[in-house]
Structures are given as C-alpha cells and as structure tokens.
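Undergrad: Got a predicted model here, sequence first, then my questions.
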Amino acid sequence: MKKISGAFQIAAVYVGTVIGAGFATGREIVEFFTRFGFIGFIAILFSGYLFVTMGTKIMLKSHDLKAKSFEQFNEYLFGKWFSKFMNITMMIMLIGVSAVMLSGAGAVFEEQLLMPKQLGVLLTILLGFITMMVGMKGLFAVNTIVVPIMIVFNLFLMMYSVTDARFLEAFLTIPPVDDGWKSVVAPFSYVAFNLAMAQAVLVPVASEVKDRQVIKYGGYLGGFFLTLILISSHMTLVMIPDVTIYEIPMAVVMKSFVAGFYYLYILIIFGEIFTSVIGGVFGLEKQLAGYWRGPSIATFSGIFMIIYSLSFFEYSELLSYLYPLFGYLSLLFLVLLWMKHDKKDGQVK
C-alpha cells in the first residue's frame with residue numbers, strides 16, 4: 001500500500017510541475033497542438049509517449065546518481081564543462097517560466113474574476129512563500145490535492161464535448177496555418193521544454209525516495225496522467241471557434257458548458273498555476289543552495305522578488321515568445337537524455 005501511495009505522490013508532483021499556467025488554462029495546448037487540428041492530436045500521442053519514457057528516465061537516473069539538484073544531473077548528461085553553460089541557461093529559463101506562471105495567475109484574476117492582476121500575483125507569492133517554508137511535504141501535499149481534481153474536471157469537460165453533434169467534424173478538421181511545419185517538431189520541443197524545467201523538481205524528489213520501484217511506477221503514472229490531460233483538453237478546446245484569441249480558453253469552455261462550476265474551475269486553474277510556481281522556486285532554491293549557504297527564507301525572498309519584477313509583462317506575450325524559444329533550447333537536453341546509455345541504464349527502461 002505504501003508503494004502505491006508513494007507512486008501516486010510522485011506522479012502528482014510530476015504532473016503538478018509540468019501543468020503550469022499555459023497547460024492548465026489551455027493556452028499552451030492551443031499554441032503547440034490544438035491550432036493544428038487533428039495533426040495536433042497525433043502530436044499529443046507522441047508527446048505522451050515521451051512524457052512516460054523520458055520523465056521516468058530522469059527520475060530513475062537521478063536516484064542512481066543520488067543527484068540533489070539539476071546541476072549534478074546536467075553534469076552527468078552534458079559533461080563537466082558544458083554542463084556549466086547549461087546550468088546557467090536553465091536557471092534563466094526557470095526564472096522566466098516562473099514569471100510566466102505568476103503572470104498567468106494575474107491573468108486569471110484580471111480576465112476571469114475581473115479583479116486587479118496584481119492581487120493574483122501577490123496572493124500567489126504569499127501562498128508560495130508559506131508552502132516553501134514547509135518544504136518537501138508542502139510540495140507533495142499541494143500537488144496531491146490539486147492534480148486529481150484537475151484530472152476529474154478535464155475528463156468532465158471532455159465528456160460534454162464528445163457528446164456534442166459537432167465534435168467529430170471539429171476533431172478531424174485540419175485548419176490552414178502559416179507555420180504548419182511546427183506541428184512536426186511540437187512534440188519534441190514541447191516535451192523537451194517541460195522535462196528540462198521539471199527536472200528542477202524531479203531530480204531532488206527522486207533522490208530522496210529510497211525505493212526505485214516507487215519512482216519507476218510514479219514516473220509511468222505521471223506520464224500517463226499528463227497524456228490523459230492533454231488529450232481531454234485538446235478534445236475540449238477543438239470545440240471553441242477562434243480558440244487562439246483567448247488567454248484562458250479552458251475557462252471559456254467551462255462558462256459555456258457548465259456555468260455552475262465555473263468559479264470552482266477557475267480555482268483549480270489557479271491551483272495548477274500555483275503548483276508550477278512553487279515547483280520552479282523549489283528547484284531554484286535547491287540549485288542556489290550549492291552556491292550560497294544562507295538561510296532558505298532569504299533565498300526564497302530573493303527568487304520571488306526577481307520573478308515578481310518580470311511578471312509585469314503580459315501573460316500571453318511571455319507564453320508566445322518564451323515557451324517556443326525555451327522549447328528549442330531544451331531539444332538538446334532531450335536528445336542527450338535519449339542517447340545517454342551506461343551500465344545502469346538497462347534498469348531504466
């Protein structure tokens with residue numbers, strides 16, 4: 001029973017780290033998949049395979065290496081010298097992504113609740129600070145609560161979509177787009193980006209779990225749940241005309257189909273954004289701990305101040321420019337992870 005519980009906790013942290021502002025709101029899924037129609041669905045299936053295999057491999061290898069931070073994992077992956085460059089790059093990416101998450105929290109308050117954007121941003125920082133003070137247990141607790149609720153709601157919305165008479169036509173449509181070639185590289189850039197960012201959390205989490213089997217099944221479960229959420233979200237989003245114009249398209253669906261649950265769903269979206277914020281901050285703190293021995297509270301304060309200053313940019317602009325760019329930069333990470341084999345890797349597969 002403990003093994004099953006442990007595997008689900010790891011799966012929840014894996015899913016919660018990957019599902020951030022863009023994923024939970026649907027904007028990220030639209031950008032990488034839904035706008036390509038049925039071709040986007042094929043890309044999602046391939047992305048799911050990569051999430052299952054490569055995410056599990058990161059955690060198992062981190063456990064074998066006893067890596068405490070993504071710096072140690074990157075040294076194994078890229079070598080002693082090139083890993084220094086990649087560590088700096090990934091820290092910049094983590095800060096950028098955490099800023100996107102904060103801006104996304106503000107966008108939820110501004111666009112959906114008609115409240116000031118800064119209220120959402122500051123509330124996220126306050127709750128994040130409290131969770132970080134609790135430590136690893138806080139990270140597990142938040143994800144274990146939010147992730148299952150998110151999955152249930154996504155499946156609920158998907159059922160409404162697939163029973164609509166217009167669904168099959170919308171699902172099989174391949175809309176004309178100027179950059180259709182991106183649908184081919186989308187699974188690779190999307191998964192590469194998300195795993196490169198998620199390793200900031202997955203590496204230290206896996207290194208602290210003693211049972212290798214628990215990590216393995218947690219990785220498989222997490223990858224499966226990510227695939228399920230991607231598919232259900234895509235099947236829902238294809239029903240929205242001009243889906244690319246909305247910053248939070250999943251909320252538009254909720255308001256149209258089941259308005260009674262609308263505000264509850266907004267709370268869930270906020271919860272998922274929050275899990276990614278604390279995941280990014282947690283990973284940065286673990287990394288900085290190797291360079292600075294000061295109190296954690298000071299490190300967390302510094303990190304939150306930096307990402308707060310960047311969160312003033314518009315959420316959709318940050319997402320459109322930063323995510324594809326970071327995705328392409330992360331491709332090298334995915335390729336090396338896939339190619340890396342040594343004596344212990346026989347256990348990873």
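TA: Nice, thanks for sending it over. Bear in mind that the values here come from a model prediction, so they are computed numbers and not experimental data.
Undergrad: Need the distance between the two termini of stretch 289-298.
TA: Taking Cα to Cα, to the nearest Å, the first and last residues of stretch 289-298 lie 11 Å apart.
Undergrad: Give the ranges of residues in the stretch 101-250 of the chain that sit below the confidence cut-off.
TA: By pLDDT under 70, the weakly predicted segments of the stretch 101-250 of the chain are 135-136, 247.
Undergrad: where do the helices sit along it?
TA: For the stretch 101-250 of the chain, applying DSSP state H, counting those that start in this stretch gives helices covering 117-134, 136-162, 167-172, 182-208, 212-237, 249-257.
Undergrad: As a markdown table, these with distance to Gly37 and mean neighbour count would be great.
TA: C-betas here are computed from N, CA, C, even on glycine. Formatted as a markdown table, the helices of the stretch 101-250 of the chain follow (distance: least, Cβ to Cβ, whole Å; neighbours: other Cβ atoms under 10 Å):
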| stretch | distance to Gly37 | mean neighbour count |
| --- | --- | --- |
| helix 117-134 | 32 | 18 |
| helix 136-162 | 15 | 18 |
| helix 167-172 | 8 | 14 |
| helix 182-208 | 9 | 24 |
| helix 212-237 | 10 | 22 |
| helix 249-257 | 15 | 20 |
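Undergrad: and of these, who's closest to Thr56?
TA: Thr56 lies closest to helix 212-237 among the helices of the stretch 101-250 of the chain, at 3.0 Å (Cβ to Cβ).
Undergrad: gap between the closest one and the chain center?
TA: Remark: helix 212-237 is offset 11 Å from the chain centroid, using Cα atoms, centre = their mean, to the nearest Å.
Undergrad: ok and it relative to helix 249-257, angle-wise?
TA: If you take axes from the mean of the first three to the mean of the last three Cα atoms, to 10 degrees, helix 212-237 sits at 60 degrees to helix 249-257.
Undergrad: which secondary structure elements does helix 212-237 contact?
TA: For helix 212-237, the elements it packs on are helix 2-18, helix 27-32, helix 38-65, helix 136-162, helix 249-257, judged by 3 or more Cβ pairs under 8 Å, 6 or more residues apart in numbering; DSSP states H and E.
Undergrad: Make JSON lines out of the ones you listed and add distance to Leu221.
TA: Output for these, formatted as JSON lines (distance: least, Cβ to Cβ, whole Å):
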{"stretch": "helix 2-18", "distance to Leu221": "4"}
{"stretch": "helix 27-32", "distance to Leu221": "21"}
{"stretch": "helix 38-65", "distance to Leu221": "9"}
{"stretch": "helix 136-162", "distance to Leu221": "11"}
{"stretch": "helix 249-257", "distance to Leu221": "23"}
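Undergrad: which one of these lies closest to Leu337?
TA: In terms of Cβ to Cβ, the element of the helices and strands packed on helix 212-237 nearest to Leu337 is helix 38-65, at 5.8 Å.
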